[in-house]
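Undergrad: Kindly return the folded structure for what I paste below:
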Amino acid sequence: MTIPEAPDRIEPARIESPSGELLDLSLEVVAKAELLGHALHPETAGQLARTVRIMNTYYSNLIEGHNTRPREIEQALGGIKPEDDRRDLKIEAVAHYRVQQDIDEQAAAGTLPDPASLDFIRQLHRAFYAGATEKMLTIAGKAHSFLMVPGEWRQGQEQDVEVGRHLPPASNRVPDFMAYFHRRFAFEPAPREAMLAVGGSRSARLFAMATAHHRFNYIHPFPDGNGRVSRLMSHAMAHAAGVGAHGLWSIARGLARGLASGPEGRAEYKQHMAWADDQRQGDRDGRGNLSLKGLELFTAWFLRVCVDQLDYMAGLFDLGTLGGRLKRYVDRHETLPAEAIRLLQEALIRGVFDRGEAPRITGLPERSARRVLKALAEEGLLASTTEKGPVSLRFPAHTLDILFPRLYPEGV
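TA: Next up, the predicted model:
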């Protein structure tokens, strides 16, 4: 008789006795997230969050081996032509952007569900594949291909999988494993051991954000799309842990780039995930099925990546340095008059201003001021929701090399 796989195979699921280093890292993440964007006007922060969503989409796609450039993503948000030979790639990019936007908006409204709940996770998968073509949903099985149903767990032997050296639970055990996943990682209400964890609930939620990211992929509950869902789930968990910073940062860029430079950094994510897959190594390696040491290594790396990304974004979004880069953009642009920087900096500080204020801000006659305003609108740096309404900053993809250096790899 075959003994069913026990869901506690994913133990240790949480880090219940964190080391001093882990506690220090978690507190550093909290402190840096509280400061990120605190001086920005909400309108400007909202436009920057849009840039972060495009960035996150690019890097999440890159982890999957799909290279959709930022300008492509931005253009695809305005519509995708049926004859486009990169249509499927653009569909998944737009889907990722929209799902992250929903997460950010729910977090802002205080309506974000428990990000570890099964309904929320299945909805992430369902929403990501909502506009998918049949080709995107067709998965190669062991004997023949099958059509994946968005939001449905793996079902039947045909959907059993191997991921590198790792063998996830059999498909018929996925519902039990995911029910156990929710019990161990629930944010609302949190498991008792999480509430009692050293460092308080915020630190406990950050540890859960890291360990849930790995254990979700370890279970591999969907036939495809698990990596994308795990990164979106982690983004939602950052909000639920109180470190989302209004959507001004996200983990995907850090996971894709790592901490070291070049190829070495890009290999870190896969390596640390593999270490957390390891079986327990003797009596000093925890009491679960998997290695506690491997999970702690992954968690420490994950939190260092969070710190690294928060530092990077803080540098980009600092009012003084962003104002300086806006000036540099105007100085380098042949068709933008010098007075354009005054309008951009006004929008940066105030968030929005009325079009009729352009003469006062620029110090130019009304007709000349209107021409400067029109030039910035044509460049995509100022825009409004109505034809004659107040204007605010925008950050189109073609400006990012100067405004946000190193946001993407060189040459993207």
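Undergrad: In this protein, mark out all the strands, start to finish.
TA: Using DSSP state E, the strands found in the chain span residues 138-140, 145-147, 352-353, 382-383, 391-393.
Undergrad: Deepest-packed of these, please.
TA: Across those, averaging neighbours per residue (mean count of other CB atoms under 10 Å) puts strand 391-393 on top, at a mean of 23. Placement of C-beta: from N, CA and C, glycine included.
Undergrad: show me the contacts for the closest residue to residue 144 other than its chain neighbours.
TA: Nearest in space to residue 144, with sequence neighbours left out and distances taken as CB to CB, 6 or more residues apart in numbering, is residue 158 at 7.7 Å. Residues near residue 158 by CB atoms under 8 Å, 6 or more residues apart in numbering: 141, 142, 143, 144, 146, 171.
Undergrad: Would you map out the domains in the protein?
TA: If you go by automatic domain parsing, the domain ranges for the chain are 14-317, 320-403.
Undergrad: Could you check how far residue 162 is from residue 280?
TA: Applying CB to CB, to the nearest Å, the value for residue 162 to residue 280 is 21 Å.
Undergrad: the more surrounded of the two?
TA: Set side by side, residue 162 and residue 280 show more neighbours around residue 280, with 18 against 10, by other CB atoms under 10 Å.
Undergrad: Identify the residues contacting the more buried one.
TA: Residues near residue 280 by CB under 8 Å, 6+ apart: 286, 287, 288, 289, 290, 291, 292.
Undergrad: ranking those residues by neighbours, who comes first?
TA: Most neighbours among those, by other CB under 10 Å: residue 290, with 23 neighbours.
Undergrad: Who is that residue paired with across the strands?
TA: Following DSSP bridges, residue 290 is listed with bridge partners residue 279.
Undergrad: Counting neighbours, what do you get for residue 277?
TA: Neighbourhood size, residue 277 [other CB under 10 Å]: 20.
Undergrad: Tell me if I'm right that it and residue 290 touch.
TA: Yes - shown here, residue 277 and residue 290 form a contact pair, counting by CB atoms under 8 Å, at 7.3 Å.
Undergrad: tell me, what's touching those two both at once?
TA: Residues touching both residue 277 and residue 290 (CB under 8 Å, 6+ apart) are residue 218.
Undergrad: Low-confidence ranges, the stretch 301-412 of the chain, go.
TA: Judged by pLDDT under 70, the stretch 301-412 of the chain has no weakly predicted residues.
Undergrad: make it 80
TA: Scanning the stretch 301-412 of the chain for pLDDT under 80 picks out the ranges 410-412.
Undergrad: For it, just list every one of the helices.
TA: Ranges of helices within the stretch 301-412 of the chain are 319-332, 340-350, 358-362, 366-379, 400-403, based on DSSP state H, counting those that start in this stretch.
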